[in-house]
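In: give me a 3D structure for the following:
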Amino acid sequence: MARVVVVHGIGQEFLGPEQMRGTAVPALLDGVHLAGHAAPAAEDVDCAFYGDLYLEPGSRSDDLPPWDEFDVEDGLETELLDAWWAAADPERGVEEGTRGFAGFTASRALLSERVRAALDALAGTRYFGKVSDRLLILALKQVRRYLTEPDLRAAAQERVASRIGPDTRVVVAHSLGSVVAYETLCARPDLPVTDLVTIGSPLGLRRIVFDRLAPLPVDGRACWPGAVTRWTNLADHGDIVALPARLAPRFGDTVTDDRIDNGTRMHDLARYLSAPKTGAAVARGLR
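Out: Numbers count the residues shown, from 1 in each chain. As a prediction, this is how the structure comes out:
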């Protein structure tokens, strides 16, 4: 089986494992090459795909429901939306971000007004590449569903575990995929992965992600992921999904945190994979 496994993030439900390979594998090979190392063979890189788990069985329509501010659920979805809003607008984050949506839950109308303001502030900005409201809401719902639906959570982790074989040494996990990969490695310490590379990861986001991890953190410190001996965490300077950018304070000082620049596509999977720092981390694991 593959020596390197890539785990995707949100918004890939209409693709499939081979389409993911078509994007992820060349980008990762470029990253290793640009870092000055001999790239592995393409067949040594695989993709763990779980995006289809978000679809109803037999459904492949690419039409999103006509979601708007009234469809963002109070609780985890509004908290995550507010965290992104605060990160995109630092001045607002200081004055209002810690308050979040508190005080608006008594009235759904007032809550929806605040959600509308957050969507307007984020959609069309450089942070999300001019995505629509519906795509932003899709992202919120996919994160919420993974963290609150046990069957979906277990199935996604099984997809990751099934792609890891006796030869697999490196897992590269993007965005929500970093949560899936982390929890998989914690639950399966028998897996032979020695190097974890997280890119654009929200693993350290308190209340929303970090405090819902399995296993639960203890005294503010999370479990170490299985047999991993090296963990590299990379975040673009402008990636507001990667909150906080540094994971070492919550997962251990042996996590190596570093920053990169993905240009105008801060959270893009291919940009992260083709970055020389990502390639260097992969090459270390393959040595």
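
In: and the pLDDT at residue 61?
Out: If you check residue 61, the pLDDT there is 49.

In: where in the stretch 1-150 of the chain is pLDDT low?
Out: Applying pLDDT under 70 to the stretch 1-150 of the chain flags residues 56-64, 90-110, 123-132.

In: as a check, name the ranges of all strands in it.
Out: Secondary structure of the stretch 1-150 of the chain (DSSP state E, counting those that start in this stretch): strands at 4-7, 45-48.

In: format those as CSV; extra columns: distance to residue 54 and mean neighbour count.
Out: To be clear about C-beta, it is placed using only N, CA and C from the backbone, and glycine gets the same treatment. Listed next are the strands of the stretch 1-150 of the chain as CSV, based on distance: least, C-beta to C-beta, whole Å; neighbours: other C-beta atoms under 10 Å:
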stretch, distance to residue 54, mean neighbour count
strand 4-7, 15, 27
strand 45-48, 15, 25
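
In: can I get those in JSON lines including distance to residue 174?
Out: Below are the strands of the stretch 1-150 of the chain laid out as JSON lines (distance: least, C-beta to C-beta, whole Å):
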{"stretch": "strand 4-7", "distance to residue 174": "7"}
{"stretch": "strand 45-48", "distance to residue 174": "11"}
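
In: and of the ones you listed, who's closest to residue 185?
Out: Nearest of those to residue 185, taken as C-beta to C-beta: strand 4-7 at 10.6 Å.

In: kindly format the C-alpha coordinates of the closest one as PDB.
Out: What follows is strand 4-7, C-alpha atoms only, in PDB (Å, rounded to 0.1, in the frame of the first residue of the first chain):
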ATOM      1  CA  VAL A   4       2.000   8.600   1.900                       C
ATOM      2  CA  VAL A   5      -1.700   9.100   2.500                       C
ATOM      3  CA  VAL A   6      -3.500  12.400   1.900                       C
ATOM      4  CA  VAL A   7      -6.700  13.200   3.800                       C
END
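
In: quick one: residues contacting the residue positioned nearest the centre of the chain.
Out: For the chain, the residue lying nearest the average C-alpha position, counting by C-alpha atoms, centre = their mean, turns out to be residue 175 (1.2 Å). Residue 175 makes contact with 8, 9, 10, 199, 200, 201, 202, 241, 267, 269 under the criterion C-beta atoms under 8 Å, 6 or more residues apart in numbering.
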